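Chemist: no sequence on hand, only this structure:
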């Protein structure tokens, strides 16, 4: 799991360990390159996160891992970082592992979008193994991804329909917090470990 100084890593580490993962924290390019799977967590602002990655010298290592075919998952801000660009507090380029942009919710909506909301499954996904239909997950975010439907596996409604789960081959993103989403969140993480 990548430690780029913008996340509370303890809770997501515990959730991954609960489903059998051996978690190693890193912010070193060579360790990222040799990982079996990569978790990109994140809480906070997009631009600050990108600057932290750049100052640590790991942004390109994450991009190369995403193109390697090995499984990578972005969680919350980590999902948003997978896209091309964000308009949070200016214009900031992301990892561009999926084409899309990160934009603010409409000003008429209460932000952040916080609390439990339903995730509707839009198409089959390895992340949905042994899960039924739509499930409830816990969200905390003020921005969302605008992305082609081809990349969207799960959608949630909050004034608009927005992507809650995205994927591009071996690269996955989840907007909600799996560590706060009870059995559904743990099963998503378990399925990622098996991807």
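Modeler: Done, it's in. Since we're looking at a predicted model, the values are computed, not measured.
Chemist: from memory residue 16 sits against residue 24, does it?
Modeler: No: between residue 16 and residue 24 there is no contact under C-beta atoms under 8 Å: 10.6 Å. All C-beta atoms are positioned from the backbone trio N, CA, C, and that covers glycine.
Chemist: now do the shared contacts for these two.
Modeler: Residues touching both residue 16 and residue 24 (C-beta atoms under 8 Å, 6 or more residues apart in numbering) are residue 1.
Chemist: looking at those two, which is more packed in?
Modeler: A direct count of neighbours by other C-beta atoms under 10 Å for residue 16 and residue 24 places residue 16 higher, at 23 against 11.
Chemist: am I right that the more buried one sits in a helix?
Modeler: Yes: counting by DSSP: H, G, I helix; E, B strand; the rest coil, residue 16 is found in a helix.
Chemist: what sits closest to it if chain neighbours are left out?
Modeler: When the adjacent residues along the chain are set aside, residue 16 lies closest to residue 23, with 5.2 Å between them (C-beta to C-beta, 6 or more residues apart in numbering).
Chemist: same check on residue 25?
Modeler: Nearest-residue entry for residue 25: residue 3, 4.6 Å, with adjacent residues in sequence omitted and distances by C-beta to C-beta, 6+ apart.
Chemist: average pLDDT for stretch 38-51, rounded please.
Modeler: Taken as a whole, stretch 38-51 carries a mean pLDDT of 93.
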